[in-house]
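Q: What shape does this take:
(chains A and B)
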Protein chains: 2
Amino acid sequence: MSQYFLPTMKENPAEAQIVSHRLMLRAGLIRQTSAGIYAWLPLGFRVLKNIERIVREEQDRSGAQEVLMPTIQSADLWRESGRYDAYGAEMLRIKDRHDREMLYGPTNEEVITVLFRDGVKSYRDLPRNLYHIQWKFRDEVRPRFGVMRGREFLMKDNYSFDIDKKGAIHSYNKMFVTYLRTFARMGLKAIPMRADTGPIGGDLSHEFIVLADTGESAVFCHKGLVDKDILSRKIDYDSDLQPIVNEWTSLYAATDDMHDKAAFEEIPEGERLSARGIEVGHIFYFGTQYSAPMKAVVAGPGGEQITVEMGSYGIGVSRLVGGIIEASHDEAGIVWPEAVAPFKVAIVNLKPDDGAVSGACQKLYDGLAAKGIEALHDDRDLRPGAKFADMDLIGIPWQVIVGPKGVSAGKAEVKDRKTGQREEVPFDQVVQRFG
Amino acid sequence: MSQYFLPTMKENPAEAQIVSHRLMLRAGLIRQTSAGIYAWLPLGFRVLKNIERIVREEQDRSGAQEVLMPTIQSADLWRESGRYDAYGAEMLRIKDRHDREMLYGPTNEEVITVLFRDGVKSYRDLPRNLYHIQWKFRDEVRPRFGVMRGREFLMKDNYSFDIDKKGAIHSYNKMFVTYLRTFARMGLKAIPMRADTGPIGGDLSHEFIVLADTGESAVFCHKGLVDKDILSRKIDYDSDLQPIVNEWTSLYAATDDMHDKAAFEEIPEGERLSARGIEVGHIFYFGTQYSAPMKAVVAGPGGEQITVEMGSYGIGVSRLVGGIIEASHDEAGIVWPEAVAPFKVAIVNLKPDDGAVSGACQKLYDGLAAKGIEALHDDRDLRPGAKFADMDLIGIPWQVIVGPKGVSAGKAEVKDRKTGQREEVPFDQVVQRFG
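A: Numbering: from 1, shown residues only, chains lettered A, B, ... in the order given. This next block holds a predicted model:
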């Protein structure tokens, strides 16, 4: 840690209005470089990469294929779909040196439709589901809340292409289940809620909402949804997923705009949950809304031209870093779920200038590394109190505290960041405890 | 492969002037979405990720720390360094909705200097070396040669901060050696050549040049440099690296602009190499060129203010995909070095509608997957000739060819893409051959 670029702050930064923004600045995860635009420092970058990895693994598991589309797009493409003039001031419009109209992509329906149209010609090549994880830009009039409503943000977006509506709904259901798994793996309770389709269009859409007291909007749902568990299920993505989707959608859940007070009050009062939530994912089925104007067609079995049915699916990867903190923090700082934590273990060296203490810490560090467990060794020349405060602030799940007394007794103190519980553990058992 | 988004082309695309551009389009690695801007399809994306992974591993090995800076920067930052007006038309200049002047970063000296200045205050926190792998934009007047001279491109850039020149030269040497290792791991012969510092500035600089007949510029060097091997050395990055750097720099090597004909002709004629090359990396030591105007100072041991010494280091990650193809291809297509290949093994199923053949292929595929070996199974309903042509085109290092005759005899044919050598291998020995 003495060699790590991790500038923490004791004071709350004045510009940060919400807890995740405050904690991300204080814990040295990010720094703002322009309004609503952030640089990710090493600790924040590790969290971002962990979230990205989980998103990628679950996309791959579902059979989606990864591509990478550029950030800068041609305005002409958006004229083909009819969205260029409609999109409004949130689109960052650019002229290049030859005065050609370009834009920084806020989403990728147009680009992916062109790639599909040029590359896929036959019904035999369907279905297809292509995803990418790429930076987007939306020129928010008043960017705020740190990475929760920034202008440049990292998003996973994917796009499904099917021969008919039945296939498209299956693709939609695959992503519905994939999203349940993705958020659950991050330690989040994310509840799918029927949503408005907004500027993307279409007639079937769900938002995935993380419950957090500090959430941006009011949400209403049946309490039973909070306790449902997807990770214990065995999922076969080629099987009919409608029963699983029905299980999650048959209970009431709606965001403020879609809320039906009468329907909500039919739920027994003790089962009703009025809460606040943060949107972390959004899925859409929109049929031929883009494929028809952009002529994304394939030849059917009899040679006939079939306009493909599409859906699109987004996860706010950088937004999730803030969302997870909103859902998991306490007075002292961040409490990272293990799956996304920047390090699993922190070694708190209480006396770096004591050779025996530093030797014991180094031995633990090497032992953990040998097992592939990532640890951060706080070898800074600071008072124990300052170290404890920083450790609680940055929220690494396990703290292994090593001081002169412990070294004499052959023991370290292991602290669980979440519960605060402490336990003395003999040095030779520390590593296997995290194995 | 029947389910994989891999649109190959038989004909040479008219717009592609150089071999890597032609092969990248034909092998379905990329598609152009605007002039000089490309989307990466699944096969190309896998190569890009492999290159990125090697770059990252070698950066981490050297002790550099990964961050991620945004693509969109404020013009004000570039006014601080004095480069905003000087940079010229290659900089993509943008106005946001509030008419603030922004730009798409072509490089990141300014942003990193601000992050460093705000986060590091004491000489005790030096040295630091921060890197990121992020998309850049240079608005080339005439983009061409595919990803070799595109407008939006992926670059690894890093920045070192030291207390004095001696430290800065050590940081420079670390990157010199890191680059030798990085390119060698990709199967490339990359030769460091003394270079002009250009718009970055400074007084010490090397380009890393890959030799390829189709290279963009003439280069001149001592033949001995081609045979030098870095990967067999044990490197301790904390030790003095000057002897290794001297070994590589004591032999003559220069690009066209730095060429000294008289010095070159002092080399015995048989040892002279006049060739063509492709720049894949560039390193700079530029002292206080940015830290002085931007006031990146730290407190020294006596409390005095010390302006830090900096260097910057770039690798063209997306450009390398083209560079590797320029250096490694034949008449039939790409010949991927194993370390960057999109898949290590291709299974060529000669009769997908024959249950025994497809069963044998699936068994091989599962056996390879169980060992963590990535394979592409060509189960498409195509003539063998078309499959062989596609396989040679996409250049996967090993082809395992399975047909009805082989299945009867219990054997597959294993073809080495590079040498063209074929060998019959009993089915039960195929997997362990690649383990």
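Q: Can you tell me the closest non-neighbouring residue to whichever residue of the stretch 251-400 of chain A sits closest to chain B?
A: Proximity of the stretch 251-400 of chain A to chain B (CB to the nearest CB) peaks at A:Asp381, 8.1 Å away. Just so you know, the C-beta spots here come from the backbone N, C-alpha and C atoms, and that holds for glycine as well. Counting by CB to CB, 6 or more residues apart in numbering or on different chains, the nearest residue to A:Asp381 once its immediate chain neighbours are dropped is A:Pro352, at 5.8 Å.
Q: hang on, that neighbour packs against A:His377?
A: No: because the distance of 9.4 Å does not satisfy CB atoms under 8 Å, A:Pro352 is recorded as not touching A:His377.
Q: For these two, work out which one has more neighbours and name it.
A: Set side by side, A:Pro352 and A:His377 show unequal neighbour counts under other CB atoms under 10 Å in any protein chain shown, the larger going to A:His377 at 24 against 18.
Q: Surely the more buried one forms part of a strand?
A: Yes: assessed with DSSP: H, G, I helix; E, B strand; the rest coil, A:His377 lies in a strand.
Q: ranges for the helices of the stretch 101-250 of chain A?
A: In the stretch 101-250 of chain A, the helices defined using DSSP state H, counting those that start in this stretch lie at A:109-119, A:165-185, A:224-227, A:242-249.
Q: And the stretch 301-435 of chain A, by the same measure?
A: If DSSP H, counting those that start in this stretch is used as the criterion, the helices of the stretch 301-435 of chain A fall at A:317-327, A:355-370, A:384-394, A:404-409, A:427-434.
Q: Give me the mean pLDDT for the last one.
A: Okay, so that is helix A:427-434. For helix A:427-434, the mean pLDDT works out to 95.
Q: Which parts of that helix count as buried, going by neighbours?
A: Of the residues in helix A:427-434, A:427, A:430-431, A:434 count as buried by neighbour count, 16 or more other CB atoms under 10 Å in any protein chain shown.
Q: and if you look at the longest one?
A: The neighbour-count criterion (16+ other CB under 10 Å) identifies A:357-358, A:360-361, A:364-365, A:367-368 as the buried residues of helix A:355-370.
Q: out of those residues, what pair is the most spread apart?
A: Considering CB to CB, no two members of those lie farther apart than A:Val357 and A:Leu368, which are separated by 16.8 Å.
Q: So what are the sheet partners of the lengthiest strand in chain A and their directions?
A: When secondary structure is assigned using DSSP state E, the longest strand within chain A turns out to be strand A:272-287. Each strand paired with strand A:272-287, and its direction, by DSSP bridges: strand A:204-211 (antiparallel), strand A:217-222 (antiparallel), strand A:309-316 (antiparallel).
Q: okay, the ones you listed, which one's buried deepest?
A: Between the strands paired with strand A:272-287, strand A:309-316 has the highest mean count of neighbours, a mean of 26, where neighbours are mean count of other CB atoms under 10 Å in any protein chain shown.
Q: what angle sits between that one and helix A:317-327?
A: Between the axis of strand A:309-316 and that of helix A:317-327 there is an angle of 50 degrees, by axes from the mean of the first three to the mean of the last three CA atoms, to 10 degrees.
Q: List every C-alpha atom in strand A:309-316, with coordinates, as CSV.
A: Only the C-alpha atoms of strand A:309-316 are listed here, as CSV (Å, rounded to 0.1, in the frame of the first residue of the first chain):
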residue,chain,number,x,y,z
GLU,A,309,-37.1,-9.6,-34.8
MET,A,310,-34.9,-7.8,-32.3
GLY,A,311,-34.4,-7.0,-28.7
SER,A,312,-31.8,-5.0,-26.8
TYR,A,313,-30.4,-5.4,-23.3
GLY,A,314,-28.3,-3.1,-21.2
ILE,A,315,-26.4,-3.3,-17.9
GLY,A,316,-24.8,-0.1,-16.5
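Q: so how far is that strand from its chain's centroid?
A: On the basis of CA atoms, centre = their mean, to the nearest Å, the separation between the geometric centre of strand A:309-316 and that of its chain is 15 Å.
Q: what does stretch A:271-282 give?
A: On the basis of CA atoms, centre = their mean, stretch A:271-282 sits 16 Å off its chain's mean C-alpha point.
Q: got the buried residues for it?
A: If you call a residue buried by 16+ other CB under 10 Å, then stretch A:271-282 has these buried ones: A:273, A:275-282.
Q: now do stretch A:101-112
A: Counting neighbours by 16+ other CB under 10 Å, the buried set in stretch A:101-112 is A:102-112.
Q: ok, back up a step: switch the helices of the stretch 101-250 of chain A over to CSV; also include distance to B:Gln421 and mean pLDDT.
A: Conversion of these to CSV gives the following (distance: least, CB to CB, whole Å; pLDDT from 0 to 100):
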stretch, distance to B:Gln421, mean pLDDT
helix A:109-119, 33, 96
helix A:165-185, 43, 98
helix A:224-227, 60, 94
helix A:242-249, 50, 96
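Q: To B:Glu58, which of the ones you listed lies closest?
A: Closest of the helices of the stretch 101-250 of chain A to B:Glu58 is helix A:165-185, at 29.9 Å (criterion: CB to CB).
Q: residues contacting the nearest residue to A:Asp229 once chain neighbours are set aside?
A: Distances taken as CB to CB, 6+ apart put A:Ala184 closest to A:Asp229, at 7.4 Å, once the chain neighbours are dropped. Contacts were defined as CB atoms under 8 Å, 6 or more residues apart in numbering or on different chains; by that measure A:Ala184 touches A:190, A:229-231.
Q: and of those residues, the nearest to A:Trp398?
A: Distances from A:Trp398 to the contacts of A:Ala184, taken by CB to CB, are shortest for A:Leu231, at 21.8 Å.
Q: Low-confidence bits of the stretch 301-435 of chain A, can you list those?
A: Screening the stretch 301-435 of chain A residue by residue with the criterion pLDDT under 70, one finds no matching range.
Q: rerun at 90
A: Within the stretch 301-435 of chain A, the stretches falling below the threshold (pLDDT under 90) are A:435.
Q: How about the stretch 51-200 of chain A?
A: Residues of the stretch 51-200 of chain A meeting the criterion pLDDT under 90: A:86, A:144, A:194-200.
Q: at 80 instead, please
A: When residues are selected by pLDDT under 80, those of the stretch 51-200 of chain A lie in A:195-200.
Q: quick one: contacts for whatever residue of the stretch 151-300 of chain A ends up closest to chain B?
A: As assessed by CB to the nearest CB, chain B sits closest to A:Glu152 within the stretch 151-300 of chain A, at 4.8 Å. For A:Glu152, the contacting residues are A:36-38, A:135-137, B:70-72, taking CB under 8 Å, 6+ apart as the criterion.
Q: Now the stretch 51-200 of chain A against chain B: closest residue?
A: A:Gly119 (3.6 Å).
Q: does the closest residue to that residue other than its chain neighbours count as helix, strand or coil?
A: The shortest distance from A:Gly119 to any residue other than its chain neighbours is 3.6 Å, reached at B:Pro7 (CB to CB, 6+ apart). Following three-state DSSP, B:Pro7 is assigned to coil.
Q: coming back round to it: right, and the residue of the stretch 251-400 of chain A closest to chain B touches A:Leu350 too?
A: No: using CB under 8 Å, A:Asp381 and A:Leu350 do not qualify as a contacting pair, with a distance of 11.4 Å.
Q: which residues does the nearest residue to A:Ile396 once chain neighbours are set aside contact?
A: Taking CB to CB, 6+ apart, and ignoring the residues beside it in sequence, A:Ile396 has A:Ala346 as its nearest neighbour in space, at 4.2 Å. When contacts are counted by CB under 8 Å, 6+ apart, A:Ala346 touches A:375-378, A:391, A:394, A:396, A:398-400.
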